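S.K.: using only what follows, build the 3D model:
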Amino acid sequence: MNIFMEKTLVGVMEEIELSVFVNEKIDRLLETTSRSFYPTLKYLPKKTRGQTGLLYLLARVADTIADSKVGETTLLSEHLKAYNDAVQGRGSELPDLSDLAEIQTNPHEAELLRNVSDVVEGLQIYNAEDKERMLECLDVIVGGQLLDLERFGPANEGGKISALRTEEELDDYTFRVAGCVGVFWTKMSLAHLMKLPPEEEALFMERGIRFGKALQMINILRDIPEDLRFGRCYIPQSSLEAIGLNPEDLLDDGNLATFRGLYDRYLDLTNEHLEAATAYIRMIPETQFRLKASCMLPVLVGQRTVTLLREGNILNSEERIKVTRDEMKTYARKLLRALLIPGGVKRLLEKNRDK
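M.R.: Numbers count the residues shown, from 1 in each chain. You can find the predicted model right below:
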């Protein structure tokens, strides 16, 4: 690497460390509530960074409400609907979330619920078009969370395990939770950062949706033991029955050999989504250095996670599979260098992919 490239790399790293998204209070909430997404945000161009960070927090509030362990589906659904209606402008007041804040085991999520009015107020910073994009995405996410509550009830330990019924429900779920974020991300990129011929925009959008689905599939496949503990199985009942299992059987890691073929098929599907994500990155102009970097980091981490999931006993609740913070930092260094070297992006993504 020549001196000019080294100075460019150092400059980018210094700017990233000094990044401000919305304001100091919201930035602090972002940093404390998101271990994996916050590093990605720091790479985004300033034109879309704040909107994306604020959408994350708006969605995280909804997620925290939905996952609160109160034992009452109706209460959580009412709070979730009232929150979304207030944010969307369909209701006059935000619900009082202080009781939910008190029962959170994660102090950062409790702080988020106590400061929800500040998060919602952040919407006023942005123009009507960006606000509409954020609210459109939030509406889809909340719809998915309400559907989750209807299917599974509140997340309480030791209850009956319920499962999604079909592969179609699984695909719909991954869209509602994360594929819709791909839509938002793509719309923001096309509005503020780049242009594509009209005939390529639809392909870019399709790949953006699959990008989001890839990341959610990883969450599902990594978190099976934890989800089962709270009565939720995102592996479809119909697919489990086809191999002679039911959701309760996944609590026994001795059933891994029977489950492994189906699980590997889901990892293969995740890899196909990740390939669409790498194709998405290739459609981003070379001049959009930061946008490429912000897309590459989750793909690199996703590729590595799939490899780890392929090798581990994913039904063992004691074996938590995840990419470490040190690995995250290593990927951050690798991707910045790859962006500065001709052909570096393609080589890094190909070398890192699950074999």
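
S.K.: flag every buried residue along the helix or strand harbouring I218.
M.R.: Per DSSP states H and E, I218 falls inside helix 198-222. Under the neighbour-count criterion of 16 or more other C-beta atoms under 10 Å, helix 198-222 has 204-218, 220-222 buried. Every residue, glycine included, has its C-beta placed from N, CA and C.

S.K.: tell me what it is packed against?
M.R.: Packing contacts for helix 198-222, counted by 3 or more C-beta pairs under 8 Å, 6 or more residues apart in numbering; DSSP states H and E, involve helix 167-174, helix 180-192, helix 256-282, helix 289-311.

S.K.: packing partners for the second one?
M.R.: In other words, helix 180-192. Counting contacts by 3+ C-beta pairs under 8 Å, 6+ apart, helix 180-192 is packed against helix 46-66, helix 128-152, helix 198-222.

S.K.: sorry, back to before: in JSON lines: the helices and strands packed on helix 198-222, plus distance to S317 and mean neighbour count.
M.R.: Listed next are the helices and strands packed on helix 198-222 as JSON lines, based on distance: least, C-beta to C-beta, whole Å; neighbours: other C-beta atoms under 10 Å:
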{"stretch": "helix 167-174", "distance to S317": "22", "mean neighbour count": "18"}
{"stretch": "helix 180-192", "distance to S317": "28", "mean neighbour count": "21"}
{"stretch": "helix 256-282", "distance to S317": "12", "mean neighbour count": "17"}
{"stretch": "helix 289-311", "distance to S317": "15", "mean neighbour count": "21"}
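
S.K.: where does this protein have low pLDDT?
M.R.: For the chain, the stretches flagged by pLDDT under 70 are 1-22, 35, 71, 155-159, 355.

S.K.: so what are the domain limits for it?
M.R.: The chain breaks down by automatic domain parsing into domains covering 24-129, 157-349.

S.K.: now distance to L146 too, for the ones you listed, in TSV please.
M.R.: Putting the domains of the chain into TSV (distance: least, C-beta to C-beta, whole Å) gives the following:
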stretch	distance to L146
domain 24-129	6
domain 157-349	10
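
S.K.: can you add distance to K46 and give the helices and strands packed on helix 198-222 back as JSON lines?
M.R.: What follows is those, written out as JSON lines (distance: least, C-beta to C-beta, whole Å):
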{"stretch": "helix 167-174", "distance to K46": "30"}
{"stretch": "helix 180-192", "distance to K46": "10"}
{"stretch": "helix 256-282", "distance to K46": "20"}
{"stretch": "helix 289-311", "distance to K46": "9"}
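
S.K.: so for L349, which of the ones you listed sits nearest?
M.R.: helix 256-282 (5.0 Å; C-beta to C-beta).

S.K.: test my guess that I224 contacts I314.
M.R.: Yes - with contact defined as C-beta atoms under 8 Å, I224 reaches I314; the gap is 6.0 Å.

S.K.: tell me how far E275 lies from D268.
M.R.: 11 Å (C-beta to C-beta, to the nearest Å).

S.K.: show the contacting residues for A66.
M.R.: By C-beta atoms under 8 Å, 6 or more residues apart in numbering, the contact set of A66 is 76, 80, 145-146, 148-149.

S.K.: go on, R282?
M.R.: Residues counted as contacts of R282 (C-beta under 8 Å, 6+ apart) are 345-346.

S.K.: count the residues that sit near R176.
M.R.: When counting by other C-beta atoms under 10 Å, one arrives at 19 neighbours for R176.

S.K.: brilliant, that's me finished.
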